[in-house]
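Chemist: quick one: sequence plus predicted model below, questions after.
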Amino acid sequence: MSNEKKKRIWRSGVRFDCPDCGLLWRDDIEHAELIAQGCPECHGTLSLVGMGESIVEFAKWYRCVNCEALAMKRRGEIVSAKPRTGFSEFT
Ligand SMILES: [Zn+2]
Ligand SMILES: [Zn+2]
């Protein structure tokens, strides 16, 4: 396999592309994690859009497929989140 190494897409400790296929999480229907009824606003399904690294305590960011609210999961808790650097571009 001589797959060309894909550039990681990340901003401020949050990664927006899938390490398996290189698609942005928001476009990656195969690998993006879903949380049924996870949206803090409308209880819609959340879909993974960003994966935090150690600098942000490995938090994960999700967008609701129903109302497009942004949510964050950290230490097992899902809360509403404000957009961070890169979110308008990549999520
Ligand atoms: Zn993928
Ligand atoms: Zn929602």
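Modeler: Cool, got the structure. Ligands and ions are numbered 1, 2, ... in the order given.

Chemist: helix or strand next in line after the helix or strand of the chain with the lowest mean pLDDT, which one?
Modeler: Ranked by mean pLDDT, DSSP states H and E, the weakest helix or strand in the chain is strand 10-11, scoring a mean of 92. Per DSSP states H and E, the first helix or strand lying C-terminal to strand 10-11 is strand 14-15.

Chemist: touching ligand 1 at all, that next one?
Modeler: No - Strand 14-15 does not reach ligand 1 (CB under 5 Å from the ion); its nearest approach is 12.0 Å. From N, CA and C alone the C-beta is placed, and that goes for glycine too.

Chemist: not counting sequence-adjacent ones, nearest residue to R63?
Modeler: V49 (4.9 Å; CB to CB, 6 or more residues apart in numbering).

Chemist: strands paired with the strand or helix carrying that neighbour, and their directions?
Modeler: For V49, the host element (DSSP H and E) is strand 46-52. Applying DSSP bridges, strand 46-52 is found paired with strand 14-15 (antiparallel), strand 34-35 (antiparallel), strand 60-64 (antiparallel).

Chemist: how far does stretch 37-47 stretch from start to finish?
Modeler: 11 Å (CA to CA, to the nearest Å).

Chemist: quick one: contacts of that stretch?
Modeler: 25-26, 32-36, 62-67, 69, 71, 78-80 (CB atoms under 8 Å, 6 or more residues apart in numbering).

Chemist: can you do 10 Å?
Modeler: The contact list for stretch 37-47, computed with CB atoms under 10 Å, 6 or more residues apart in numbering, reads 25-26, 28-29, 32-36, 60-73, 77-81, 91.

Chemist: pull up the residues of the protein that are close to ligand 1.
Modeler: Counting by CB under 5 Å from the ion, the chain sits next to ligand 1 at 18, 20-21, 28, 31.
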